[in-house]
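Engineer: just the structure for this:
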Amino acid sequence: MGGTWTTVEIAGKPADVYEPARPRYGLLHLHDLDGATLSNRPAFTALFDELRLACVCPHGGRSWWADRVCPEFNGRLTAERHVVDNVLPWFESRWGLRPRAVGLDGVGMGGQGALRIAFKRPELFPVVAALAPAVDMQEWYGRGTPLDEMYDSKEHCRQDTATLHIHPSRYPPHIFFCVDPEDEDCYRGCDRLHEKLNALGGAHTADLATRGGGHSWEYFERMAGRALRFVAVGLEEEARRLL
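Structural biologist: Predicted structure coming up:
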């Protein structure tokens, strides 16, 4: 029997929630610039049932999920703090899922947000997956997104990218990211991230070769199985390690 999608409020902010039968682990999903969550995406919903993943998709506007005030999201609370301080604890209050039983993932803007937050807080998010992450978010500076208000310059923005938040010896043990080679906006940043993790000896899984529609839901849904199964396996390994 499948679960259901509902919309709830977490600390006064909306979130789309999927609750499968007897959830075993959780997934905290961060959406792209278009604000579209995984609600009513059958390819993802079927995997949540199969893998028994409870999913929470907070609404973050065009905040880039950064630890910078974005007036479009909130005049005081940053999107990153909302994820860490409000959404993550909600998994435990709703399902008894403690932080290390919850994976973090996202697409596009949300993919870079997931990676950056996990790189900054691997003790909270040991498992992270990103589909077509906009890793080089500074390339969107000057395009009329809230980044123009959140940062003083393109270089200031670059200094807060996921790649520059990688600690040389402390990072999540389970990292997955992928991008379609035809995704012109996101490919180079993913390639740079792959190169940096390789240089540091950081274990990760990256698919920079599979094609499937560029930066689109066609591609996201094609890669959903790989990404979510990676998350489920990583969470299972973490659970065994903590026994």
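
Engineer: mind listing residues that contact stretch 116-124?
Structural biologist: 65-66, 80, 83-84, 88, 99-100, 104, 125-126, 128, 160-162, 165-167, 170-173, 175 (C-beta atoms under 8 Å, 6 or more residues apart in numbering). Where C-beta positions appear, they are placed from N, C-alpha and C, glycine not excepted.

Engineer: any buried residues in it, and which?
Structural biologist: By neighbour count on 16 or more other C-beta atoms under 10 Å, the buried set for stretch 116-124 is 116-122, 124.

Engineer: swap in stretch 179-199?
Structural biologist: Result for stretch 179-199 [16+ other C-beta under 10 Å]: buried residues 179-180, 183, 186-187, 189-191, 193-194, 197.

Engineer: what's the burial count for the residue nearest to residue 127 when sequence neighbours are not counted?
Structural biologist: Nearest non-adjacent residue to residue 127, counting by C-beta to C-beta, 6 or more residues apart in numbering: residue 234, 3.7 Å away. Other residues within reach of residue 234 by the criterion other C-beta atoms under 10 Å amount to 22.

Engineer: mind checking the SS state of residue 234?
Structural biologist: helix (DSSP: H, G, I helix; E, B strand; the rest coil).

Engineer: any idea how far it is from residue 101?
Structural biologist: 11 Å (C-beta to C-beta, to the nearest Å).

Engineer: residue 161 too?
Structural biologist: 28 Å.

Engineer: same deal with residue 193?
Structural biologist: 26 Å.

Engineer: same thing with residue 92?
Structural biologist: Residue 92 is 9 Å from residue 101, by C-beta to C-beta.

Engineer: any low-confidence regions in this structure?
Structural biologist: 1, 242-243 (pLDDT under 70).

Engineer: so who does residue 137 touch?
Structural biologist: Contacts of residue 137 (C-beta under 8 Å, 6+ apart): 64, 109, 112, 147, 157, 160-161.

Engineer: the closest residue to residue 177 other than its chain neighbours - how many residues pack around it?
Structural biologist: Nearest non-adjacent residue to residue 177, counting by C-beta to C-beta, 6+ apart: residue 130, 4.2 Å away. Using other C-beta under 10 Å, residue 130 has 32 neighbouring residues.

Engineer: try the one 10 residues further on
Structural biologist: The number of residues packed near residue 140 is 21, by other C-beta under 10 Å.

Engineer: quick check: it vs residue 157, distance?
Structural biologist: Residue 140 is 8 Å from residue 157, by C-beta to C-beta.

Engineer: please apply the same query to residue 22.
Structural biologist: In terms of C-beta to C-beta, residue 22 sits 43 Å off from residue 157.

Engineer: out of these two, which sits in the busier spot?
Structural biologist: residue 157 (23 against 9).

Engineer: could you look up the SS state of the more buried one?
Structural biologist: Residue 157 - assigned by three-state DSSP - is helix.

Engineer: please enumerate the helices of this structure.
Structural biologist: Per DSSP state H, the chain carries helices over the ranges 42-51, 79-81, 88-95, 109-120, 147-150, 154-158, 187-200, 217-242.

Engineer: contact partners for residue 88?
Structural biologist: For residue 88, the contacting residues are 28, 99, 102, 124, by C-beta under 8 Å, 6+ apart.
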